[in-house]
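A.B. asks: predicted model, plus sequence, below.
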Amino acid sequence: MINSTTSSMAEKFDRQIRLWGLEGQAILSSSRVCIVGRCLLSQEILKDLKLLGLDRITLVCEDKSADESIEELEKQENFLNADGKDINYVLWDKKMMEEPSFWWNFDIIVVTALSFARLELLDKMSLPPMLVAFCDEFDGYLRFVSQEPHFVLHSHRQYAIPDLRLDRPWNDLENALKSLAPNASSLDTVHTVPYAAIIYSAVQDLREAGTRVTRDNIRECISTVQVSFGPSAAAVNFAQAKKFAYLGALNSLSIPENIEKCLSFANVPIKLPVNREIQALVRILHKYLKSEHALNQLPVEGSIPDMDSSTENYNRLKSVYQRKAAEDIHWLEKIASQEKLDFELTYDVLTTFCRNIHSLRVMEPSRSALTATYSPHAAPIEASYYEILQKLQKKQIGAYIPPTIGLPAPAFYSMMSITAGLTVQELAKILTHQFVPVENTFLFNGLTNDIHAFKT
Amino acid sequence: MTDLTSVSVLVLGAGGLGCEMLKNLALQGIPTVHVVDMDTIELTNLNRQFLFTEKDVGRAKVEVAAEYINSREIVGAGGQLVKVTPHFQDLTLFTRDFLAQFTFVISGLDSVEARRHVNAELVKITLESQFQKCIPFIDGASEGFKGHCKVIIPGFSACYECSLNTLPAKTETYPLCTVANNPRKPEHLIEYALMVQWPQTFPDVSFDYENPDHLHWLTEQSIDRAQSYAIDASALTPNFILGVIKNIVPSVVSTNAIIAGQCCIAMTRLLYDLYDFENSPNFSIFNGEEGAFSHSYLHSRDPNCLICGDNKQTL
């Protein structure tokens, strides 16, 4: 039973819980964030973080603030964060800040305006993930910095391919698909057949005839069956079967590129708890794929899309997938129990992992907050973008750069709002390990509203 | 240098986008701001509408937003204090003369119809004044990690009506035979309870989702039917049911800050003559689900547009 405080929190954050679930919100609410630099942008970030439900925030200020005038800053602080009493303000202290242990009090660090020597100091230490953000005139940038790869457990891919395994059904599924298959002797129930069974039956026909199993051939085969059945097959399920014919032509032995990439990061050194947990799952997956249970196929996700059919037939098919998914999770659990882990993998995490396995991702953050050069492996960025990034980085450390557009400073205020929004959005994605964060630097231009992302 | 002292902005909507827009305009020093909205504050607004707190729940959004900003006594352009004037009303009741007093109209609404109304009025202002008066209409929208910003120069560039086809189709509907005879998903059960069972049981009462008794009845019916069709009823929580029947979309402060900022920065470009009425990319789309994607493009006018197209006189 949830108590009333939890339920009123759940209601207050309902609109964002619809994005990342109660588990995502729980992570955010308990996360500790350190913002480094006191400036207009920091205050916007602070305001956004509080709205997200983060209340363990420390703001490290320098003895002198960035180029914005103090009155301007105080006016805005008073506007945005009037109840600043729950924020822990800390003045930059050389001795304290040189100690990595100070920074490891936080789950993530956000750096805005900071002098060069101090930014360099941070850059040399091995710290929790950092987001480095700044904006000036119509330009803004954001960089995700971390010494380790970042795993995404649930990337919420919007148009995911249903995991139906019609090319290699396990026995239970094969039996179900065969018994559900459209049958000329029971034309009155042909409209109750879920499309998976129609596609599978076409795949079988093609195989028997020695014809290649391609999307087009499956479609054609379904059409022939449909015509032979006459008007009783003029139903939605046949139309759906033709639309999703490609599901019969997939190869469930091929491991998607994103998962191959995750597997290649299975043994790199990792410090952060959630990353370690997901990395352990990836190692377990590696063993699982080689096991005689899996035979090189990924665990079954277990959920199936809606298919026009009778409730009974749909439920029957659904339970076959659910049973197999549970069985696969059980196998993963068995492998996990043989691993020597110094933490416990919960059933919930295993379930989330398997349910979203096809969209599992690993990202490579930038290793350094400072560099404006790009890696030889990444696509080269255009010279003009490189110049903008350099300009922003110089401004960020307090260097004087003459303005290029002669407008009064308040004219650019909305750039603070945009840059803060972009920063906080990435922060939420990184902390929850849901949705795919930026890999790993981007520039935003307020004159064109374009974002240009690149990897350094 | 552009003189801001006489600039006035009408903000449509005081929700997630509206609060961010009002803040940006105030801190940019726009001296005269009006805001219209007919909603009152709910607890679920407080994850993104930072001008409101828990003690404001139940009050008119525009009143609280105006009080918040006016009480801060922000010195705007020309040394005047920024003043926000609230309008707690249906914006379609504004007269054209009222709208004509503004330099810009910026919208963060959730209703397509309200936007269409304002768009049509603003196009008429341009046409009736024979292009002597033109009030740019900047429209923001957000849902989850996605959003858009449209800059409409009535009479010059694509209007809101010209781009109606860029909007997604209305909410998903389920065929009646599915919800009646072959329900498979929890949504099917809710839809049946709402569309069929409710009117059969209470022919004279229209369903009110604000009413806890109504919602309770709907939940019970859905769960009952879930059991008889062997459908997993665990998904049928009040929040899930409300989400389905009210078509609640996710909303988060980060996307709202980005989109509201894009709308306000577009206003800045117009103010300082950094915008080409006919050639600047006028529509932008944002998606933050995977990395961050934002792109603008030039959406052309629709020559057959019923509001600003060549055939408008025939109507």
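C.D. replies: All right, it came through fine.
A.B. asks: from here on, contacts and neighbour counts on C-alpha atoms
C.D. replies: Noted.
A.B. asks: going along the chain, name the strands of the stretch 1-150 of chain B.
C.D. replies: Secondary structure of the stretch 1-150 of chain B (DSSP state E, counting those that start in this stretch): strands located at B:8-12, B:32-36, B:83-87, B:104-107, B:137-143, B:146-152.
A.B. asks: and of the ones you listed, who's closest to A:L443?
C.D. replies: Closest to A:L443 of those is strand B:146-152 (CA to CA; 18.1 Å).
A.B. asks: for the residue nearest the centre of chain B, which non-adjacent residue is spatially closest?
C.D. replies: Note on chain B: the residue nearest the mean C-alpha position is B:L109, at 1.8 Å, using CA atoms, centre = their mean. In space, B:L109 comes closest to B:G13 once its chain neighbours are excluded; the distance is 5.2 Å by CA to CA, 6 or more residues apart in numbering or on different chains.
A.B. asks: now do the contacts for the one you found.
C.D. replies: Contact analysis of B:G13 by CA atoms under 8 Å, 6 or more residues apart in numbering or on different chains lists B:35-37, B:107-109.
A.B. asks: please report phi then psi for it.
C.D. replies: Phi and psi for B:G13, reported as degrees, to the nearest 10, are phi 100, psi 130.
A.B. asks: looking at it now. What's its pLDDT?
C.D. replies: What the model reports as pLDDT for B:G13 is 97.
A.B. asks: what about the stretch 151-300 of chain B, any weak spots by pLDDT?
C.D. replies: B:170-172 (pLDDT under 70).
A.B. asks: run through the strands of it in chain order.
C.D. replies: B:283-287, B:293-297.
A.B. asks: which of these sits closest to B:E191?
C.D. replies: strand B:283-287 (30.1 Å).
A.B. asks: what packs against the closest one?
C.D. replies: Here strand B:283-287 is seen to pack against strand B:146-152, strand B:293-297 when contacts are counted using 3 or more CA pairs under 8 Å, 6 or more residues apart in numbering or on different chains; DSSP states H and E.
A.B. asks: rerun that using 10 Å as the cut-off
C.D. replies: For strand B:283-287, the packing partners by 3 or more CA pairs under 10 Å, 6 or more residues apart in numbering or on different chains; DSSP states H and E come out as strand A:450-454, strand B:137-143, strand B:146-152, helix B:253-271, strand B:293-297.
A.B. asks: farthest residue from the center of chain B?
C.D. replies: Going by CA atoms, centre = their mean, the residue of chain B most distant from its centre is B:S228, 40.3 Å out.
A.B. asks: what residues does the stretch 1-150 of chain B have near chain A?
C.D. replies: The interface of the stretch 1-150 of chain B toward chain A, taken as CA under 10 Å from any CA of the partner chain, is made up of B:1-2, B:20-21, B:23-30, B:42-51, B:54, B:68-69, B:71-77, B:143-145, B:149.
A.B. asks: format the strands of the stretch 1-150 of chain B as CSV; extra columns: mean neighbour count.
C.D. replies: Shown next, in CSV, are these (neighbours: other CA atoms under 10 Å in any protein chain shown):
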stretch, mean neighbour count
strand B:8-12, 23
strand B:32-36, 23
strand B:83-87, 21
strand B:104-107, 25
strand B:137-143, 25
strand B:146-152, 24
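A.B. asks: where does pLDDT dip in the stretch 351-456 of chain A?
C.D. replies: A:372-381.
A.B. asks: hmm, 50 instead?
C.D. replies: Applying pLDDT under 50 to the predicted model, the residue ranges of the stretch 351-456 of chain A that meet it are A:374, A:376.
A.B. asks: how about the contacts of B:G13 in a markdown table, adding pLDDT?
C.D. replies: Shown next, in a markdown table, are the contacts of B:G13 (pLDDT from 0 to 100):
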| residue | pLDDT |
| --- | --- |
| B:V35 | 98 |
| B:V36 | 98 |
| B:D37 | 97 |
| B:S107 | 97 |
| B:G108 | 96 |
| B:L109 | 94 |
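A.B. asks: quick one: which of the residues you listed is nearest A:N313?
C.D. replies: B:L109 (43.5 Å).
A.B. asks: how about the closest one, what does it touch?
C.D. replies: B:11-18, B:37, B:115, B:139-142 (CA atoms under 10 Å, 6 or more residues apart in numbering or on different chains).
A.B. asks: quick revisit: closest to A:A383 out of the strands of the stretch 151-300 of chain B?
C.D. replies: For A:A383, the closest of the strands of the stretch 151-300 of chain B is strand B:293-297, at 19.9 Å, according to CA to CA.
A.B. asks: quick one: the strands in the stretch 251-400 of chain A, in order.
C.D. replies: According to DSSP E, counting those that start in this stretch, the stretch 251-400 of chain A carries its strands in the segments A:361-363.
A.B. asks: return the residues of it in contact with chain B.
C.D. replies: With CA under 10 Å from any CA as the criterion, the stretch 251-400 of chain A meets chain B at residues A:305-315, A:318.
A.B. asks: now, of these, which are buried?
C.D. replies: A:307-315, A:318 (16 or more other CA atoms under 10 Å in any protein chain shown).
A.B. asks: and the residues you listed, which of them are in helices?
C.D. replies: Counting by DSSP state H, the part of these found in helices is A:311-315, A:318.
A.B. asks: shouldn't A:G302 be in contact with A:H358?
C.D. replies: No. Assessed by CA atoms under 10 Å, A:G302 is found out of contact with A:H358, at 11.9 Å.
A.B. asks: any common contacting residues for those two?
C.D. replies: Taking CA under 10 Å, 6+ apart as the contact criterion, the common neighbours of A:G302 and A:H358 are A:162-163.
A.B. asks: what's the most distant pair in the residues of the stretch 251-400 of chain A next to chain B?
C.D. replies: Farthest apart among these by CA to CA are A:P305 and A:E312. That separation is 15.2 Å.
A.B. asks: quick one, domains of the chain?
C.D. replies: No chain in the question, so chain A it is. Here the domain parsing of chain A from automatic domain parsing is A:31-146+A:365-454, A:191-248, A:257-362.
A.B. asks: that answer is for a different chain, and I need it for chain B
C.D. replies: With automatic domain parsing as the criterion, the domains of chain B are listed as B:8-167+B:250-314, B:176-246.
A.B. asks: near chain B, which residues of the stretch 51-200 of chain A?
C.D. replies: Taking CA under 10 Å from any CA as the criterion, the contact residues of the stretch 51-200 of chain A with chain B come out as A:51-53, A:72, A:75-76, A:78-81, A:138, A:155-158, A:192.
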